[in-house]
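Asker: Give me a 3D structure for the following:
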Amino acid sequence: FTTDVMEDKFDHDTGVASLAVAMEPQCNLLNLKVLDRNGGGTEEEEALALDYCIALRDEGNSIAPHVINLSLGAEDEGNPNSPMRVACRAAIDRAIWIFASAGNQGPAPGTVMSPSCEKYVSCTGSVKYDPYVVSEFSSRGPTKEGLIKPDAMMWGENFITASSVSDTATIAKSGTSFSNPLAAGMAILTREGMYRQAVLTTPRAELDPETGWRMTVEDLIDFYYPIICVKPAGIIAGKDNDYGEGLPFPDTILQAVG
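Answerer: Just a heads-up that it's a prediction; the model follows:
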């Protein structure tokens, strides 16, 4: 979807993909290139890539994605009709979950990027591993329209990721671009676990006839994040513009899934 050749000269997507695979080693990856060799792109190019995913879903194509990772963003202008946000909503309407990085413009408030500013695009911020505190660079809410963001956090500092330099090269990376695929990978596992449970315990007629799935990304953000996420000791519970709902915790995810 760019004028560049199909390579990762920005040394970004390779690392992002490696983290998604680390979370869910058996997932399938559909790689759509929307950033050029300098890490730049346009909303139109990104929206066209999302439209491609939507078309795959509408056609019933077997490679249509269930989860989309957007490790990118532009300044939030408070415009719900921007091409990228419109495309995100259209994908969400088709039961495709979208995860987008909050951005690296922190710690100032009001710095969450677009399209992670969209209500039901799951916005991922970054936290340190130890101590568990929000990363200085992680963008904060509120959005221009007054929404509390981010939605949830993931670790995002000093990851050793795959590098595009060679098949064996690695590189240390930090940023919400790299916390986001961890959240997306977690979502893949959660969707699969809850789908398997639903198939075993729920009559097929009660499941979505197209996807065989009932849980939506709206459910994840509105209902599950508040019960599966934890915050550092001393931080007031409830969603805020620094930590969102907090960090999804394995034990609480298992309890929620049952």
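Asker: contacts and neighbour counts: CA atoms only from here.
Answerer: Will do.
Asker: Quick one: the helices in this structure, in order.
Answerer: Assigned by DSSP state H, the helices in the chain fall at 13-23, 43-59, 83-93, 176-201, 217-219, 225-228, 250-257.
Asker: Distance-wise, check the closest residue to S71 other than its chain neighbours relative to A95.
Answerer: Distances taken as C-alpha to C-alpha, 6 or more residues apart in numbering put S177 closest to S71, at 4.4 Å, once the chain neighbours are dropped. Noted for S177: a distance of 23 Å to A95, by C-alpha to C-alpha, to the nearest Å.
Asker: Tell me which of these two has more neighbours.
Answerer: In this comparison of S177 against A95, neighbours counted by other C-alpha atoms under 10 Å, the higher total goes to S177 at 27 against 22.
Asker: Contact partners for the more buried one?
Answerer: For S177, the set of contacting residues under the criterion of C-alpha atoms under 8 Å, 6 or more residues apart in numbering consists of 16, 70-72, 101, 103, 156.
Asker: Then N69?
Answerer: Residues in contact with N69, defined by C-alpha under 8 Å, 6+ apart, are 98-100, 180-181, 184.
Asker: what about 7 Å?
Answerer: For N69, the contacting residues are 98-100, 181, 184, taking C-alpha atoms under 7 Å, 6 or more residues apart in numbering as the criterion.
Asker: Who does it form a beta bridge with?
Answerer: Judged by DSSP bridges, the bridge partners of N69 are F99.
Asker: residues contacting Y243?
Answerer: Taking C-alpha under 7 Å, 6+ apart as the test, what Y243 contacts is 134, 150, 152-153.
Asker: what's the answer for I98, then?
Answerer: Applying C-alpha under 7 Å, 6+ apart, we find I98 in contact with 67-69, 121-122.
Asker: can you do 8 Å?
Answerer: Contacts of I98 were listed using C-alpha under 8 Å, 6+ apart, and they are 67-70, 88, 91-92, 121-122, 217.
Asker: Could you identify the most distant pair in these?
Answerer: In terms of C-alpha to C-alpha, the contacts of I98 reach their longest pairwise distance at L70 and V217, which sit 14.9 Å apart.
Asker: number of nearby residues for the residue lying closest to Y225 once chain neighbours are set aside?
Answerer: Distances taken as C-alpha to C-alpha, 6+ apart place E245 nearest to Y225, at 6.3 Å, with adjacent residues excluded. Applying other C-alpha under 10 Å, we find 26 residues neighbouring E245.
Asker: Look up how far F159 lies from E245.
Answerer: Applying C-alpha to C-alpha, the value for E245 to F159 is 23 Å.
Asker: List the residues that contact A183.
Answerer: Residues in contact with A183 (C-alpha under 8 Å, 6+ apart) are 99, 124, 153-154.
Asker: Among those residues, which are located in strands?
Answerer: With DSSP state E as the criterion, strands contain 99, 124, 153-154 from among the contacts of A183.
Asker: Looking at these, which one is closest to R37?
Answerer: Of all the ones in strands among the contacts of A183, the one with the least separation from R37 (C-alpha to C-alpha) is F99, at 22.8 Å.
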